Structures are given as C-alpha cells and as structure tokens.
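Peer 1: Okay, predicted coordinates and the sequence, questions at the end:
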Amino acid sequence: MWGYVFRRCVVAILLVWVVATIVFSILHLIPGDPAVLLSSSGGVMPPPEAIEALREKMGLNRPILEQYFSYLAGLLKGDLGRSFQDGYPIAEEIWTRLPRTVELILAATFLAIIIGLPLGAAAATRRGTMLDRLLSWLAGLQLSVPVFVIGTLMILLFAQTLRWVPAGGHVPFADDPMRHLVHLAMPAVTIAIGLSAVIFRMARSTVIETQERDWVRTARAKGLPWKAVRRRHVVRNALGPVLTVVGLNVGTLLGGTVLVEYVFNWPGLSGFLVNAVEQRDYPAVQSIILVISFLFIMINLAVDLLYSVLDPRIRHS
C-alpha cells in the first residue's frame with residue numbers, strides 16, 4: 001500500500017515540475033518581445049528606454065536559466081510574482097478568489113453526486129423500463145444544453161420572474177451565512193445539472209456491467225437478498241469508474257467555470273483569469289494556470305488513492 005502511495009506521489013511531483021516548466025516557457029515562446037507587447041498602447045511603439053525598463057522589471061534581461069531557477073525558487077516559497085497592471089501580489093489575489101471557486105465546484109459536485117449516482121443505479125436495475133428510458137432521455141437533454149443557457153434561463157425564471165433569489169453576486173459567509181448560500185445556490189445548480197448527467201450515465205453503465213459479473217451471479221445463486229447483493233457487491237465495485245469521472249470533471253471545472261462565474265457575477269478564479277488575459281497580465285495568467293494545474297494533479301492523485309482503497313487490486317498492478 002505505502003509503495004503504491006509513494007509511486008503516485010512521485011509521479012504527481014514530477015507532473016507539477018513539468019507543468020511549471022511549461023508555464024515558464026510560455027512567456028518565452030510567444031512571438032515577439034513580451035515587454036514590447038505590454039508597453040505598447042493603441043498600436044503606438046513606446047520609446048526604447050521604456051521597453052528596456054520593463055524588460056528589467058520583468059527580469060527578461062537575465063540569462064534564461066537564471067530566470068528559470070529564480071522562478072522555481074519563488075514557487076517553492078509560494079511567491080507567484082506581482083501583477084503588471086497594479087503591482088499587487090498575485091498570490092494574495094489567487095488565495096482570495098480560489099476558495100470561492102472551490103466552494104462553487106464542491107457544492108455543484110455534491111449536488112451532482114446525490115442526484116446522478118442513485119438515479120443511475122435505479123435506471124440500471126430497471127434496465128429497459130419506462131423509468132430507464134425517461135431518465136436516459138433527461139440526461140441526454142441536460143448534456144445538450146450549454147451551461148450559459150441553463151444559467152440564463154434560471155436567472156430569468158427564479159430571479160426575474162419568481163423573484164425567489166438574487167440574479168447574482170456574492171456575500172461572504174461570515175457576514176451573512178443564509179444570503180451566502182442563497183447566492184451560491186443558482187450557480188451551483190447550473191453546474192450540477194450537466195455534471196449529474198455525466199455521473200448518471202457512468203453509474204448506469206458500470207452498474208449494468210457489474211451486475212453481469214460472475215461474483216454477482218454466485219451471490220444470487222447462494223440465495224442472498226438482491227438488496228444486500230446490490231449494496232455489498234454491485235454498488236461498491238461500480239464506484240471506481242464513477243469516482244474517476246467525478247475526479248476528472250472536478251479538475252476540469254477548476255478552469256471551466258468561466259461562463260458560470262460570469263453569468264452569475266461570482267468573484268472566483270475564472271473571472272480573475274479572464275481579466276488577466278484581457279489586460280495581458282502575463283505573470284497573473286501564468287500563476288493562475290499553474291495553480292489550476294496543480295490542483296488538477298492533486299485531485300487526480302486523491303482519486304487514484306481512493307480508487308486503490310475501493311479496489312485493492314489497483315495497488316498490486
């Protein structure tokens with residue numbers, strides 16, 4: 001067990017190093033001089049003194065290897081640099097916004113699991129029935145509607161027509177817990193609608209496949225009640241693929257909630273990324289991408305370790 005954990009952790013650390021190297025290289029691989037791109041305004045070429053001053057500020061006049069090792073040393077200390085636009089420490093802005101995005105994703109994932117998993121198992125155990133066909137049709141409909149359309153319709157119905165909840169915004173939990181949850185509800189449900197359909201489909205297919213395994217038929221042949229067989233043998237063995245899909249989607253959502261945060265004016269990390277791209281704030285863009293990639297790797301590491309607990313065969317493969 002510990003050998004498997006050590007191997008997975010080593011692979012995760014190597015992946016983080018590779019991602020950090022790629023992110024560092026992006027600034028040096030883009031066409032043109034970044035100092036010229038940042039200092040130019042309205043297509044007007046700035047004076048050479050301004051360009052050289054900006055290059056010195058960015059450290060671009062130092063040897064590439066020196067810049068690289070200085071960049072890695074800063075990352076080890078948690079220093080992500082400063083914004084080119086206002087000189088604000090990027091790490092502080094990310095740590096302020098990241099919990100909001102993580103909270104939104106976790107709330108949406110929780111809703112998606114409690115909806116998609118039991119419905120997928122129910123559809124699988126009633127394969128071919130009207131319930132199975134109806135749930136499968138609804139899942140297909142959920143996947144076919146873009147997330148910004150779902151968000152816009154929810155605002156139109158619940159905020160503007162029924163006036164049950166505000167159209168968007170954010171209230172800190174410490175200031176007013178109830179209003180915080182009210183503002184969180186619609187964006188979380190918007191994300192959960194599509195994610196629950198993915199979980200439903202995976203749960204349905206894996207439960208159907210697991211029900212046809214030899215050990216399930218043996219358990220049924222021994223006279224065990226179907227509910228006990230389903231709980232002890234079917235559902236647990238079907239959780240592995242579902243868990244993998246959930247982990248991959250949660251990692252993807254870290255950088256994929258841009259439209260949801262924009263529609264509902266949720267001040268998360270994705271909105272910060274959009275603003276940094278629009279303002280050509282390269283250090284901020286690099287830092288956000290690096291943080292998102294790091295979290296994606298850590299989520300997949302946690303999924304691998306949890307998967308090995310559910311299926312001990314993985315540890316010995």
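Peer 2: Sure, I can see it.
Peer 1: domains in this structure, as residue ranges please.
Peer 2: 2-76, 97-316 (automatic domain parsing).
Peer 1: For Ser83, find the nearest of these.
Peer 2: Set against Ser83 and scored by Cβ to Cβ, these come closest in domain 97-316, at 5.3 Å. C-beta here means a position set from N, CA and C on the backbone, and glycine is covered the same way.
Peer 1: Just name the shakiest helix or strand of the protein by mean pLDDT.
Peer 2: Lowest on mean pLDDT, DSSP states H and E among the helices and strands of the chain sits helix 34-39, with a mean of 64.
Peer 1: out of the domains of the chain, deepest packed?
Peer 2: Most buried of these, by mean neighbour count (mean count of other Cβ atoms under 10 Å): domain 97-316, with a mean of 17.
Peer 1: pretty sure Val171 is in a strand, no?
Peer 2: No - under DSSP: H, G, I helix; E, B strand; the rest coil, Val171 falls outside any strand and is assigned coil.
Peer 1: Could you tell me the phi and psi values at it?
Peer 2: phi -120, psi 130 (degrees, to the nearest 10).
Peer 1: Can you tell me, leaving aside adjacent residues, what's nearest to it?
Peer 2: Arg179 (4.4 Å; Cβ to Cβ, 6 or more residues apart in numbering).
Peer 1: So the one you found, which state does it fall into?
Peer 2: Classification of Arg179 by three-state DSSP places it in helix.
Peer 1: Can you check the pLDDT for it?
Peer 2: Arg179 is assigned 91 on the pLDDT scale.
Peer 1: Contact partners for Val250?
Peer 2: By Cβ atoms under 8 Å, 6 or more residues apart in numbering, Val250 lies in contact with Ile105, Thr109, Ile299.
Peer 1: What strand or helix carries it?
Peer 2: helix 236-256 (DSSP states H and E).
Peer 1: Same question for Ala20.
Peer 2: Following DSSP H and E, one finds Ala20 within helix 2-29.
Peer 1: Give me the distance between Ile299 and Ile191.
Peer 2: Distance, Ile299 to Ile191, using Cβ to Cβ, to the nearest Å: 16 Å.
Peer 1: go on, Phe110?
Peer 2: Distance of Phe110 to Ile191, given as Cβ to Cβ: 11 Å.
Peer 1: Look at the closest residue to Thr109 other than its chain neighbours and report its pLDDT.
Peer 2: Excluding its sequence neighbours, the residue lying closest to Thr109 (Cβ to Cβ, 6+ apart) is Val250, at 5.5 Å. Note on Val250: pLDDT of 82.
Peer 1: Ok, the one 3 residues further on next?
Peer 2: Leu253 is assigned a pLDDT of 82 by the prediction.
Peer 1: dump the residue contacts of it.
Peer 2: Contacts here follow Cβ under 8 Å, 6+ apart; on that basis Leu253 touches Ile105, Ala108, Thr109, Ile191, Leu195.
Peer 1: one more time with 10 Å
Peer 2: Counting by Cβ atoms under 10 Å, 6 or more residues apart in numbering, Leu253 touches 101-102, 104-106, 108-109, 191, 194-195, 260, 270, 296, 299.
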